[in-house]
Each structure stands twice: as C-alpha cells, then as structure tokens.
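J.: Next come a sequence and a model predicted from it.
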Amino acid sequence: MILKAGQKMDWLEITINTKSDEIERLCDKLDELGVGGVIIEDEAEYAAFLENNRRYWDYVDDELLESWKGLSRVKFYLEDSPGGRAELERIRRELPDETLLSAHVRDEDWENNWKEFYKPVEVGKKLIIVPQWEEAPESRGRTALRLDPGLIFGTGTHPTTKMCLEALESTVKGGETVLDLGCGSGILAIAALLLDAGSVKGCDIDPKAPDVAMENAALNGIYGDRFEALYGDILSDSALQENFGKEKYDIITANIVADVIIAACRQAFSWLAPDGTFICSGIIGARADEVKTALLTCGFTVERELEDSDWYCYVCTKGYAAQ
C-alpha cells in the first residue's frame, strides 16, 4: 500500500493473552506464520523489573499492577484492510487453541490521543504550564511555561511537581544558581529560569532526559548558556559528582524518590551554599518521616513541609547536624 503525504493508516491491533512460560512457543509459531514486529508484555519480566529497581520508586499505580496480574501478552499489528482482515482469519485458523483479540487503531491514535488529557494548568501565583500543542490561555499576568514531555515524563500536574514549583516560586528571588537532581522533562529547571534564576545544571538517570529537557528549554527561549542537562546517576557517577562539586548552589531541587533523596542528601548538603535552599519531593507519606530524619541527620533544617494527596515536599536550609 502506498500512502499519500499526510494520509493516516488504519490498523488492527491483535492481542493474544498467554502465560509467561508460553511466550517463546507462541512467538515461534507466529514467526512460522510470517508475523513480524511482535510486542511482548511479560508479567514475569515486569515483576522482576519492579523488584530489581525498587530504589527508583516508592509507589506503583494499583491499576497498572492489576493490568499485569496473571497475564502476559503478545501483540502484533495488521493493516485494517480486506487483505489485513483476511490475514487475521488465516492466523486464527492456524492458531485454533488461542484467542486472538482485535481492536481498531489509527496512526493518530498512537501519536496524539494521550495529549487530550493534558491542558494548561496554573501553578502557584506566577506560572501556568502550557503543553506545546495547546494555545496559551489568558494568563492574568502569569508566565507561561511551555512543555512537550512526550510519553516519558510528566507535565507538572502531579502533586510532587506542583509542590516543588510552588516552593521554587517562593525561593527564587533573582540570579540564583540552581542544581536539579532528576531533571526529567526539565520542568523545574525551566521554571526556575523563568522565575529569574541565573543558571541551572540538571541531571537524570534516563538517557533521553537531557535531550528532552534541553528541547523544552528551547521552547521557552532558554539555551545552553543558562541551562546544562547531563545524563548519569548522581549516586554512583564520580565524574558527574566531580562536575557538580565544583561550585556551591543557591538552590538544589530533587523531585525523585525517598531512597535516592536519603542516599544523596549528604552530597546535596555539601553542594549547597551556606544560605541556600534544598527542595526535595517525590516522597510518599509512608516514607516521609524517614526522609525527614535523614535530612536532619545530614544537617538540614526543615523550614517548610508541604503535603498533597499523601505526597510530601520538604524545603530545607543548612542548620546543625543532629547529635
């Protein structure tokens, strides 16, 4: 089939629910039938991924867990055309013991449907976050922060991000140096600069994050002279630690998870200017006291404690280490 410029394709998404130990056999059979481009969703691999990477989150959505419970899946796609439907019937005949579920999708469904859930949102008193594909509404004096997070990063609507943004708004006075640990889409870094911070360095363990963050910065007229985003693990990357340790920062932000904040708080304390502010969030309620104790032990004074929907944010300054 030859598509004209701008023409969208209709597809059939075929799903076969199976068990983890049956995936290889099923994929081999599909390969024999000439089916390529299969997508495997393996419950066992998902569970192992969660178990082996616990330090990167404290909370996993119950609906997400339920969607994987007791099931593994193999998916593939066919053109939603007479030829594609005939191919689907042939595969059904060759796999009489399997139930093939089909759903109709279009190219624009994959590309754009998720965008309808993201609209401009006001945060604090000064900012309004505007997805790139939306028109900026009448903002009543608010500064628009434009963001294109893709499907990987958040758009600022999560309570942890909103609390960090509100804390930044009350902390940035003008000209500050900022370090953003776990920069993701760059939203906190960009907000700090739009609020008149002087410069920001950021890092993230996701290799895609620096490019996404810099592209979002460019959407807001911010370039490399004021913002630098790097890839690396702040807990283990000695080169990254050396880079960040070359200066003291007026503000450090860390919207990550409890385990990483606890492990990184001594570094954050050492990198923070004497009169600086450390803003940390991403902390689920069950871990809040543990994080607060770690912060106090490192020498921080907790000046403000924000809570929203059982998520916590601490705004800290340097004090005296607990004895």
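T.: Done, it's in.

J.: helix or strand right after the lowest-mean-pLDDT helix or strand in the chain?
T.: Lowest mean confidence among the helices and strands of the chain (mean pLDDT, DSSP states H and E): helix 107-112, at a mean of 54. Of the helices and strands lying after helix 107-112 in sequence (DSSP states H and E), the nearest is strand 121-123.

J.: Which strands or helices does that next one pack on?
T.: strand 127-131, helix 159-171 (3 or more C-beta pairs under 8 Å, 6 or more residues apart in numbering; DSSP states H and E). Any C-beta I mention is one placed from the backbone N, CA and C, and that applies to glycine too.

J.: Now do the first one against helix 159-171, angle only.
T.: Using axes from the mean of the first three to the mean of the last three C-alpha atoms, to 10 degrees, one finds that strand 127-131 and helix 159-171 are set 140 degrees apart in direction.

J.: Ends of stretch 196-215, what's the gap?
T.: Using C-alpha to C-alpha, to the nearest Å, the end-to-end distance of stretch 196-215 comes out at 19 Å.

J.: Buried residues in it, which are they?
T.: Residues 197, 199-205, 209-210, 212-215 are the ones in stretch 196-215 that count as buried (16 or more other C-beta atoms under 10 Å).

J.: Can you add distance to residue 271 and give the residues you listed back as CSV?
T.: Converted to CSV, these look like this (distance: C-beta to C-beta, whole Å):
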residue, distance to residue 271
197, 16
199, 14
200, 13
201, 10
202, 13
203, 12
204, 17
205, 18
209, 20
210, 19
212, 24
213, 19
214, 22
215, 26
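
J.: how about the helices of the chain, start to end?
T.: For the chain, the helices defined by DSSP state H occupy 23-32, 43-52, 62-68, 82-94, 107-112, 159-171, 187-194, 209-219, 238-244, 258-271, 288-298.

J.: Tell me how this protein divides into domains.
T.: According to automatic domain parsing, the chain comprises the domains 10-19+67-105, 154-318.

J.: these two touch, right, residue 42 and residue 74?
T.: No: using C-beta atoms under 8 Å, residue 42 makes no contact with residue 74, being 9.3 Å away.

J.: higher neighbour count, the two?
T.: Using other C-beta atoms under 10 Å, the more surrounded residue of residue 42 and residue 74 is residue 74, with 23 against 19.

J.: roughly how far apart are residue 28 and residue 73?
T.: Taking C-beta to C-beta, to the nearest Å as the measure, residue 28 falls 16 Å from residue 73.

J.: between these two, who's got more neighbours?
T.: Neighbours per residue, other C-beta under 10 Å: of residue 28 and residue 73, the larger number sits with residue 73, 18 against 10.

J.: My read is that the more buried one contacts residue 19, right?
T.: No: judged on C-beta under 8 Å, residue 73 makes no contact with residue 19 at a distance of 10.3 Å.

J.: Where among the domains of the chain is average confidence lowest?
T.: In terms of average pLDDT, domain 10-19+67-105 trails the rest of the domains of the chain, at a mean of 87.
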